[in-house]
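J.: Provided below for reference: sequence and predicted model.
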Amino acid sequence: MKSNILCRVCKSENLNRFEYDHFFFRGKKNNKWENYYCADCSNLSHFTADKTTVFDYSSGDYRNLKKIEPPFSLPWSTVTYLRGENIYNKIKQFISKETLSYLDYGGYNGLTAFRLNQSLKLEGTIADLDQNGLKIARAIGFDTINLKDNKLQKGKYDLVTCNHVLEHLIHPSKTIAEIYEAMKNENSILYIEVPNINGFPYSDEAHLTTFSIRGIEEFLHINRFNILDIGYTTSPKIAADFGYNFVSDIENIYAIARPVRQSQNVQKKIKFKRKLNLLVLGINHDLLTIKISLKKIFCDTKGVIKNSIYIIISLLSLIDLSRTFNKIFSIMIDRLKVIKRK
């Protein structure tokens, strides 16, 4: 544990240094990165050894790693577009309004939102730091927000998607708190998706947090969201055709949630109830452990008793046998005495 390091997700100090290096799940380089596992929320936080940031997202250097390239990646933009179809299939059961005020937070060029807009009636906005991406988003008909200079408008959006964004942020809780304030009401829908701690390599230097499914649950509860659905999802299969080798059924974690809008007293009650539920779960787990232990002890005791009975029976048998021998020996001695007298 390192006292001046806090978990990026829950701000806990209960951290343990974590290193992992494998052919398929390469860890971040030890000489440049310090990686910590949070025992409270089960997420990984990654820090550069000198605590500097790796990418300036506003300059576009995260995507523009080559000097000569088209305005956006044509093959990978197909994957971005198809992610919108995946999101639609997951959220459609929770959508009741005909027209939605929509925000794609970190939506880059707007292609995910473009696909969603083909199935839903959206008044869409793309929020991002990448200026090139925002230009494309405007060109295909979306309003845009430059997150470098602007904040989100409070109480505006019926639907917010945050797709593969949180893992890039230094303070994901600050961002989710801003998104919470930007959502219209308790019926608004949030969709988030992040790489899975058990389904994606840790080697991407742009990823500052690696989430577990329990960690996402904790993250949303802490930040006042009620989870409607949570599970695993995958990138579109076509991604494999573009050299992406990590497509699997558990590659990513998704969650669909609504903001909880209650007074502070109600929130305290919900928090207390949640802690109580966790306590009950812990007690039930402990009782189950005790039950298993008692059963084992009983089985062991049963065996001990059984063996003890065998020993006692054997001892009694030996005692009876000893008595029998004593009688025989006594009779023999008496006969010998009679013979001697004669």
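T.: Ah, there it is. Residues are numbered from 1 along each chain as shown.
J.: so T233 sits against I256, correct?
T.: No - with contact defined as Cβ atoms under 8 Å, T233 does not count as touching I256 (11.0 Å). Where C-beta positions appear, they are placed from N, C-alpha and C, glycine not excepted.
J.: so the two - more neighbours on which side?
T.: I256 (21 against 18; other Cβ atoms under 10 Å).
J.: could you look up the SS state of the more buried one?
T.: strand (DSSP: H, G, I helix; E, B strand; the rest coil).
J.: for it, give the beta-bridge partners.
T.: Y191, D229 (DSSP bridges).
J.: I'd like to know how far it sits from N226.
T.: To N226, I256 is 10 Å away according to Cβ to Cβ, to the nearest Å.
J.: circling back to that earlier point, got any residues that touch both of T233 and I256?
T.: Residues touching both T233 and I256 by Cβ atoms under 8 Å, 6 or more residues apart in numbering: K90.
J.: A strand includes S119, no?
T.: No - counting by three-state DSSP, S119 falls outside a strand, being coil.
J.: was I right to think it contacts N89?
T.: No - using Cβ under 8 Å, S119 is not in contact with N89, being 9.1 Å away.
J.: more crowded one of the two?
T.: Neighbour count, other Cβ under 10 Å: between S119 and N89, S119 has more, with 15 against 11.
J.: give me the element the residue nearest to the more buried one when sequence neighbours are not counted is part of.
T.: Leaving aside its sequence neighbours, S119 sits nearest to Y88 (Cβ to Cβ, 6 or more residues apart in numbering; 4.8 Å). Element membership for Y88, per DSSP states H and E: helix 74-91.
J.: then L6?
T.: Here L6 is assigned to no helix or strand, by DSSP H and E.
J.: is the closest residue to it other than its chain neighbours in a helix, a strand, or coil?
T.: Setting aside the residues directly before and after it, L6 is nearest to E13 in space (Cβ to Cβ, 6+ apart), at 6.2 Å. Classification of E13 by three-state DSSP places it in coil.
J.: can you list phi and psi of E13 for me?
T.: phi -100, psi 0 (degrees, to the nearest 10).
J.: how about N14?
T.: phi -80, psi 70.
J.: so what's it up against?
T.: Applying Cβ under 8 Å, 6+ apart, the residues near N14 are 1, 7, 38-40.
J.: still on that earlier bit, in this structure the residue nearest to S119 contacts L120, no?
T.: Yes - the criterion here is Cβ under 8 Å, and Y88 meets it with L120 at 7.0 Å.
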